[in-house]
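Chemist: Give me the fold of what follows.
(chains A, B, C and D)
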There are 2 protein chains.
Amino acid sequence: MDIEQSKKDNQLAEIFKTLSEPNRIRILRILDHSDRELTCSEVSEQLNISKSTVSYHFKALRHAGLTNTRQAAQTKYLSINEKTFKEYLPSFLKSL
Amino acid sequence: MDIEQSKKDNQLAEIFKTLSEPNRIRILRILDHSDRELTCSEVSEQLNISKSTVSYHFKALRHAGLTNTRQAAQTKYLSINEKTFKEYLPSFLKSL
DNA sequence: TTTGTATTTCGATAACAATCGAACAAGGAG
DNA sequence: CTCCTTGTTCGATTGTTATCGAAATACAAA
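Modeler: A predicted model of the protein is given here:
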(Lines give C-alpha, C1' and ligand atoms only; values in the text may rest on other atoms or scores of the structure.)
Protein backbone atom coordinates (compact mmCIF):
# COMPACT_ATOMS: atom_id res chain seq x y z
CA MET A 1 0.00 0.00 0.00
CA ASP A 2 1.13 3.55 -0.80
CA ILE A 3 2.68 4.97 2.34
CA GLU A 4 1.78 8.56 1.47
CA GLN A 5 -1.81 7.54 0.94
CA SER A 6 -1.73 5.72 4.23
CA LYS A 7 -0.61 8.89 5.99
CA LYS A 8 -3.46 10.83 4.37
CA ASP A 9 -5.91 8.20 5.53
CA ASN A 10 -4.66 8.62 9.06
CA GLN A 11 -4.99 12.41 8.89
CA LEU A 12 -8.48 12.21 7.50
CA ALA A 13 -9.38 9.62 10.10
CA GLU A 14 -8.11 11.96 12.79
CA ILE A 15 -10.37 14.73 11.59
CA PHE A 16 -13.33 12.41 11.71
CA LYS A 17 -12.32 11.07 15.09
CA THR A 18 -12.19 14.61 16.39
CA LEU A 19 -15.67 15.25 15.03
CA SER A 20 -17.09 12.07 16.52
CA GLU A 21 -17.14 13.58 20.00
CA PRO A 22 -20.41 15.43 20.76
CA ASN A 23 -18.79 18.05 22.97
CA ARG A 24 -16.35 18.98 20.23
CA ILE A 25 -19.20 19.34 17.74
CA ARG A 26 -20.91 21.58 20.26
CA ILE A 27 -17.79 23.67 20.64
CA LEU A 28 -17.63 24.12 16.88
CA ARG A 29 -21.30 25.03 16.74
CA ILE A 30 -20.89 27.66 19.45
CA LEU A 31 -17.86 29.02 17.63
CA ASP A 32 -19.69 29.12 14.32
CA HIS A 33 -22.90 30.63 15.63
CA SER A 34 -21.36 33.20 17.94
CA ASP A 35 -19.07 34.27 15.12
CA ARG A 36 -16.28 35.32 17.46
CA GLU A 37 -13.40 33.81 19.38
CA LEU A 38 -14.05 31.79 22.52
CA THR A 39 -12.05 30.93 25.62
CA CYS A 40 -11.71 27.76 27.59
CA SER A 41 -13.55 29.08 30.64
CA GLU A 42 -16.40 30.45 28.56
CA VAL A 43 -17.01 27.09 26.91
CA SER A 44 -16.63 25.33 30.23
CA GLU A 45 -19.49 27.37 31.63
CA GLN A 46 -21.70 27.08 28.56
CA LEU A 47 -21.34 23.32 28.21
CA ASN A 48 -21.09 22.69 31.93
CA ILE A 49 -17.95 20.56 31.73
CA SER A 50 -14.71 21.06 33.61
CA LYS A 51 -12.01 23.35 32.30
CA SER A 52 -9.52 20.52 32.14
CA THR A 53 -11.85 18.60 29.85
CA VAL A 54 -12.43 21.64 27.67
CA SER A 55 -8.70 22.18 27.49
CA TYR A 56 -8.35 18.59 26.36
CA HIS A 57 -10.95 19.11 23.62
CA PHE A 58 -9.39 22.41 22.54
CA LYS A 59 -6.12 20.61 22.09
CA ALA A 60 -7.77 17.88 20.02
CA LEU A 61 -9.51 20.40 17.78
CA ARG A 62 -6.35 22.38 17.24
CA HIS A 63 -4.31 19.25 16.64
CA ALA A 64 -6.72 18.13 13.96
CA GLY A 65 -6.38 21.55 12.34
CA LEU A 66 -10.03 22.39 12.88
CA THR A 67 -9.38 25.51 14.93
CA ASN A 68 -6.92 28.37 15.27
CA THR A 69 -5.58 29.71 18.53
CA ARG A 70 -4.62 33.24 19.39
CA GLN A 71 -2.84 33.84 22.63
CA ALA A 72 -3.15 37.11 24.55
CA ALA A 73 -1.56 37.15 27.97
CA GLN A 74 -2.83 34.12 29.90
CA THR A 75 -5.91 33.75 27.74
CA LYS A 76 -6.23 31.62 24.61
CA TYR A 77 -8.82 32.52 22.03
CA LEU A 78 -10.19 29.80 19.81
CA SER A 79 -11.63 30.30 16.33
CA ILE A 80 -12.63 28.07 13.45
CA ASN A 81 -9.98 27.20 10.88
CA GLU A 82 -12.02 27.80 7.75
CA LYS A 83 -9.29 26.45 5.52
CA THR A 84 -9.51 22.92 6.87
CA PHE A 85 -13.27 22.82 6.60
CA LYS A 86 -13.17 24.15 3.07
CA GLU A 87 -10.65 21.51 2.11
CA TYR A 88 -12.08 18.46 3.83
CA LEU A 89 -15.67 19.16 4.82
CA PRO A 90 -17.02 22.01 2.70
CA SER A 91 -20.62 21.47 3.77
CA PHE A 92 -20.13 20.68 7.44
CA LEU A 93 -20.41 24.13 8.98
CA LYS A 94 -23.60 24.87 7.08
CA SER A 95 -25.13 21.73 8.58
CA LEU A 96 -24.58 22.97 12.12
CA MET B 1 -34.62 20.99 20.24
CA ASP B 2 -36.11 19.84 16.94
CA ILE B 3 -36.44 16.06 17.08
CA GLU B 4 -35.73 15.63 13.38
CA GLN B 5 -32.57 17.68 13.73
CA SER B 6 -31.64 15.61 16.75
CA LYS B 7 -31.97 12.41 14.74
CA LYS B 8 -29.78 13.88 12.03
CA ASP B 9 -27.20 14.91 14.62
CA ASN B 10 -27.04 11.40 15.98
CA GLN B 11 -26.69 9.88 12.55
CA LEU B 12 -24.01 12.39 11.60
CA ALA B 13 -22.06 11.65 14.79
CA GLU B 14 -22.23 7.95 14.06
CA ILE B 15 -21.03 8.53 10.52
CA PHE B 16 -18.00 10.43 11.81
CA LYS B 17 -17.22 7.77 14.35
CA THR B 18 -17.40 5.14 11.66
CA LEU B 19 -15.09 7.14 9.43
CA SER B 20 -12.57 7.66 12.22
CA GLU B 21 -10.97 4.27 11.58
CA PRO B 22 -8.30 4.28 8.85
CA ASN B 23 -9.09 0.75 7.71
CA ARG B 24 -12.70 1.68 7.12
CA ILE B 25 -11.63 4.65 5.03
CA ARG B 26 -9.44 2.26 3.06
CA ILE B 27 -12.34 -0.10 2.52
CA LEU B 28 -14.42 2.76 1.15
CA ARG B 29 -11.63 3.82 -1.16
CA ILE B 30 -11.19 0.31 -2.51
CA LEU B 31 -14.94 0.15 -3.06
CA ASP B 32 -15.01 3.52 -4.78
CA HIS B 33 -11.99 2.94 -6.98
CA SER B 34 -12.72 -0.61 -8.03
CA ASP B 35 -16.26 0.47 -8.88
CA ARG B 36 -17.72 -2.92 -8.08
CA GLU B 37 -18.90 -4.93 -5.11
CA LEU B 38 -16.39 -6.48 -2.75
CA THR B 39 -16.40 -9.40 -0.35
CA CYS B 40 -15.03 -9.80 3.12
CA SER B 41 -12.31 -12.24 2.07
CA GLU B 42 -11.19 -10.03 -0.78
CA VAL B 43 -10.71 -7.02 1.47
CA SER B 44 -9.03 -9.18 4.09
CA GLU B 45 -6.36 -10.12 1.57
CA GLN B 46 -5.93 -6.63 0.15
CA LEU B 47 -5.58 -4.91 3.52
CA ASN B 48 -3.85 -7.80 5.19
CA ILE B 49 -6.12 -7.92 8.21
CA SER B 50 -8.07 -10.88 9.49
CA LYS B 51 -11.46 -11.74 8.08
CA SER B 52 -13.08 -11.39 11.47
CA THR B 53 -11.80 -7.83 11.72
CA VAL B 54 -13.03 -7.02 8.24
CA SER B 55 -16.41 -8.48 9.11
CA TYR B 56 -16.47 -6.20 12.14
CA HIS B 57 -15.72 -3.16 9.95
CA PHE B 58 -18.27 -4.21 7.34
CA LYS B 59 -20.88 -4.28 10.05
CA ALA B 60 -19.92 -0.82 11.26
CA LEU B 61 -20.07 0.63 7.75
CA ARG B 62 -23.43 -0.92 7.03
CA HIS B 63 -24.83 0.14 10.37
CA ALA B 64 -23.84 3.75 9.70
CA GLY B 65 -25.61 3.54 6.35
CA LEU B 66 -22.41 4.05 4.40
CA THR B 67 -22.64 0.81 2.46
CA ASN B 68 -25.20 -1.55 0.96
CA THR B 69 -25.06 -5.30 1.21
CA ARG B 70 -26.22 -7.83 -1.31
CA GLN B 71 -26.29 -11.44 -0.23
CA ALA B 72 -25.82 -14.29 -2.66
CA ALA B 73 -25.55 -17.71 -1.08
CA GLN B 74 -22.93 -17.55 1.64
CA THR B 75 -21.22 -14.51 0.14
CA LYS B 76 -21.97 -10.92 1.03
CA TYR B 77 -21.21 -8.23 -1.51
CA LEU B 78 -20.53 -4.74 -0.25
CA SER B 79 -21.08 -1.55 -2.19
CA ILE B 80 -21.14 2.15 -1.41
CA ASN B 81 -24.43 3.73 -0.40
CA GLU B 82 -24.27 6.82 -2.57
CA LYS B 83 -27.38 8.31 -1.02
CA THR B 84 -25.79 8.72 2.41
CA PHE B 85 -22.67 10.32 1.02
CA LYS B 86 -24.67 12.70 -1.13
CA GLU B 87 -26.72 13.74 1.85
CA TYR B 88 -24.06 14.07 4.53
CA LEU B 89 -20.64 14.23 2.90
CA PRO B 90 -21.09 15.36 -0.68
CA SER B 91 -17.39 15.82 -1.34
CA PHE B 92 -15.95 12.90 0.58
CA LEU B 93 -15.76 10.28 -2.15
CA LYS B 94 -14.07 12.69 -4.54
CA SER B 95 -11.34 13.28 -1.96
CA LEU B 96 -10.49 9.60 -1.83
C1' DT C 1 -23.24 -36.85 3.54
C1' DT C 2 -18.79 -35.08 3.68
C1' DT C 3 -15.92 -31.34 2.46
C1' DG C 4 -14.81 -26.73 1.46
C1' DT C 5 -15.67 -21.73 1.38
C1' DA C 6 -17.54 -17.25 3.32
C1' DT C 7 -18.82 -14.95 7.04
C1' DT C 8 -20.11 -14.11 11.93
C1' DT C 9 -19.72 -14.51 16.76
C1' DC C 10 -17.08 -15.22 21.02
C1' DG C 11 -13.58 -14.44 24.44
C1' DA C 12 -9.50 -12.26 25.39
C1' DT C 13 -6.38 -8.54 25.25
C1' DA C 14 -4.15 -4.30 24.60
C1' DA C 15 -4.62 0.35 23.47
C1' DC C 16 -6.99 4.52 23.56
C1' DA C 17 -10.49 8.17 25.02
C1' DA C 18 -13.36 11.14 28.08
C1' DT C 19 -13.81 12.78 32.33
C1' DC C 20 -12.80 14.73 36.87
C1' DG C 21 -10.35 17.18 40.70
C1' DA C 22 -6.00 18.56 42.34
C1' DA C 23 -1.83 20.61 41.65
C1' DC C 24 0.82 23.73 38.97
C1' DA C 25 2.37 27.80 35.97
C1' DA C 26 1.89 32.44 34.18
C1' DG C 27 0.03 36.90 33.67
C1' DG C 28 -2.86 40.99 35.43
C1' DA C 29 -5.07 43.80 39.07
C1' DG C 30 -4.91 45.75 43.36
C1' DC D 1 4.17 41.35 46.66
C1' DT D 2 -0.26 38.95 47.04
C1' DC D 3 -4.50 37.41 45.09
C1' DC D 4 -7.37 36.20 41.18
C1' DT D 5 -8.15 34.37 36.69
C1' DT D 6 -6.83 31.43 32.81
C1' DG D 7 -5.18 27.54 31.16
C1' DT D 8 -2.23 23.07 31.32
C1' DT D 9 -0.74 18.80 33.15
C1' DC D 10 -1.11 14.71 36.19
C1' DG D 11 -3.08 10.54 38.11
C1' DA D 12 -7.01 7.84 38.45
C1' DT D 13 -11.09 5.88 36.77
C1' DT D 14 -14.31 4.20 33.60
C1' DG D 15 -15.77 2.95 29.30
C1' DT D 16 -14.94 1.92 24.37
C1' DT D 17 -12.45 0.11 20.25
C1' DA D 18 -9.53 -2.65 17.19
C1' DT D 19 -7.64 -6.78 16.81
C1' DC D 20 -6.83 -11.72 16.71
C1' DG D 21 -7.66 -16.84 16.56
C1' DA D 22 -10.93 -20.30 17.50
C1' DA D 23 -15.36 -21.94 17.22
C1' DA D 24 -19.83 -21.73 15.08
C1' DT D 25 -23.05 -21.07 11.10
C1' DA D 26 -24.67 -21.39 6.47
C1' DC D 27 -24.55 -22.77 2.05
C1' DA D 28 -22.73 -25.30 -2.12
C1' DA D 29 -20.45 -28.71 -4.54
C1' DA D 30 -18.85 -33.24 -5.05
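Chemist: Helices of chain A, start to end?
Modeler: Ranges of helices in chain A, per DSSP state H, are A:3-19, A:22-34, A:40-47, A:51-63, A:82-88, A:92-95.
Chemist: Put together JSON lines for those helices, with mean neighbour count on each row.
Modeler: In short, each C-beta sits where N, CA and C put it, glycine included. Formatted as JSON lines, the helices of chain A follow (neighbours: other Cβ atoms under 10 Å in any protein chain shown):
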{"stretch": "helix A:3-19", "mean neighbour count": "16"}
{"stretch": "helix A:22-34", "mean neighbour count": "17"}
{"stretch": "helix A:40-47", "mean neighbour count": "16"}
{"stretch": "helix A:51-63", "mean neighbour count": "16"}
{"stretch": "helix A:82-88", "mean neighbour count": "14"}
{"stretch": "helix A:92-95", "mean neighbour count": "15"}
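Chemist: Same list (the ones you listed) but as TSV, adding distance to DNA strand C and mean pLDDT.
Modeler: As requested, the helices of chain A are exported to TSV (distance: least, Cβ to the nearest atom of the strand, whole Å; pLDDT from 0 to 100):
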stretch	distance to DNA strand C	mean pLDDT
helix A:3-19	6	83
helix A:22-34	5	91
helix A:40-47	8	96
helix A:51-63	3	97
helix A:82-88	18	92
helix A:92-95	17	86
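Chemist: Out of the ones you listed, the one nearest residue B:88 is which?
Modeler: The closest of the helices of chain A to residue B:88 is helix A:92-95. By Cβ to Cβ, the value is 7.9 Å.
Chemist: so does the closest one get close to chain B?
Modeler: Yes: Helix A:92-95 lies within reach of chain B by Cβ under 8 Å from any Cβ of the partner chain, at residue A:95.
Chemist: Good, we can wrap up now.
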